[in-house]
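**Q** 3D, please:
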Amino acid sequence: MQINLKHLNAEESWNYILGFHERYHSKLKHLKYKYHTFVPNDKRMHDFIEIEKPTPEQIQHYHDVFVNEIYNPSDLSRFDEIITKEVLPNFERAVEKQIVPLLSAWQTKLPKTLGVECLYGNGGSYGYGTNPRIVWRMSEFNGNKYEILGEFLHEFVHILIERPIIEKYNVPQDLKENIVDIICLELFGHEPMNNFDRSFANAYITPEAIRTDLAGAVKKMMVDYTTLKQAQSTKDR
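**A** Numbers count the residues shown, from 1 in each chain. Model (predicted):
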């Protein structure tokens, strides 16, 4: 698997912010996501995100502000040495030793290439399909190499299971994050990013399921989850 590190340029970074703006108002804010982690820590960008339906003129104004006054390529390259010399070698070892043996249990395979895209904000997300990539919003990050490694592994697990398991069994957002957190805690000792101690997933995503039949465990979980939701809906009528 070839890993390519990339820093988004000014226009690419703006396009990400613009795309996030639409997702935030259509979906993410209803899931209680905070916009601060997805944009530069600049009041002008916060002001833009808060406008639910910006006009073309407003979009152009904030584009110009970002490209000409905010964007600085050095903001996105400050961890390059740590990533290339320490994080990625450890990441590749963890994938080879701990993930590759489980690929058949997860009904997935390694991508031929993996992008690591650095951009503004704080935290991680991912893209999958024909262009699998870890999206690392790192301009406000103040952690160490182990935290970076944990972020990368978390997002990579998302990439591997999104299509063959999460999409296939229509797993909702909260349970999806619970599943990945449970896997990362079990395999890498990575402390969870979300609170899953009372998650519906806990009874299903066991150490044995992770290593032998993750897809089957999620399938059963979603059958039971759907049944429970239907029963609750009927009771509430």
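**Q** same for the helix or strand of the chain with the lowest mean pLDDT, what does it pack against?
**A** Least confident helix or strand, the chain: helix 214-236 with a mean of 88, by mean pLDDT, DSSP states H and E. Judged by 3 or more Cβ pairs under 8 Å, 6 or more residues apart in numbering; DSSP states H and E, helix 214-236 is in contact with helix 173-188. Placement of C-beta: from N, CA and C, glycine included.
**Q** residues in contact with whichever helix or strand comes after the helix it packs on?
**A** The first helix or strand that comes after helix 173-188 along the chain, using DSSP states H and E, is helix 207-212. Contacts to helix 207-212, defined as Cβ atoms under 8 Å, 6 or more residues apart in numbering, come from residues Leu102, Ala105, Ile182, Ile183, Glu186, Leu187, Gly216, Ala217.
**Q** make a markdown table from the residues you listed and add neighbour count and distance to Phe141 to it.
**A** Formatted as a markdown table, the contacts of helix 207-212 follow (neighbours: other Cβ atoms under 10 Å; distance: Cβ to Cβ, whole Å):
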| residue | neighbour count | distance to Phe141 |
| --- | --- | --- |
| Leu102 | 16 | 29 |
| Ala105 | 17 | 32 |
| Ile182 | 21 | 24 |
| Ile183 | 25 | 23 |
| Glu186 | 16 | 25 |
| Leu187 | 18 | 23 |
| Gly216 | 14 | 37 |
| Ala217 | 21 | 33 |
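**Q** quick one: which two of those are the most distant?
**A** Greatest spatial distance in the contacts of helix 207-212: Leu187 and Gly216, 18.2 Å, computed using Cβ to Cβ.
**Q** Asn4 should be in a strand, yeah?
**A** Yes: the assignment for Asn4 (DSSP: H, G, I helix; E, B strand; the rest coil) places it in a strand.
**Q** need the contact list for the nearest residue in space to it that is not next to it in sequence.
**A** Among residues not flanking Asn4 along the chain, Gly115 sits closest, at 5.2 Å (Cβ to Cβ, 6 or more residues apart in numbering). By Cβ under 8 Å, 6+ apart, the contact set of Gly115 is Ile3, Asn4, Lys6, Gly127, Asn131, Pro132, Arg133, Ile134.
**Q** do Leu31 as well
**A** Residues in contact with Leu31 (Cβ under 8 Å, 6+ apart) are Gln173.
**Q** roughly how far apart are it and Asp174?
**A** Taking Cβ to Cβ, to the nearest Å as the measure, Leu31 falls 8 Å from Asp174.
**Q** which residues do those two both contact?
**A** Joint contacts of Leu31 and Asp174 (Cβ under 8 Å, 6+ apart) do not exist.
**Q** tell me the confidence at the residue lying closest to Met1 once chain neighbours are set aside?
**A** Spatial nearest neighbour of Met1, excluding adjacent residues (Cβ to Cβ, 6+ apart): Leu110 at 5.1 Å. If you check Leu110, the pLDDT there is 96.
**Q** Leu110: what's it in contact with?
**A** Neighbouring residues of Leu110 by Cβ under 8 Å, 6+ apart: Met1, Val95, Ile99, Val100, Leu103, Leu160.
**Q** doesn't Val95 make contact with the first one?
**A** It stands for Met1. Yes: counting by Cβ atoms under 8 Å, Met1 touches Val95, with 7.4 Å between them.
**Q** quick one, which of these two is more surrounded?
**A** Val95 (19 against 13; other Cβ atoms under 10 Å).
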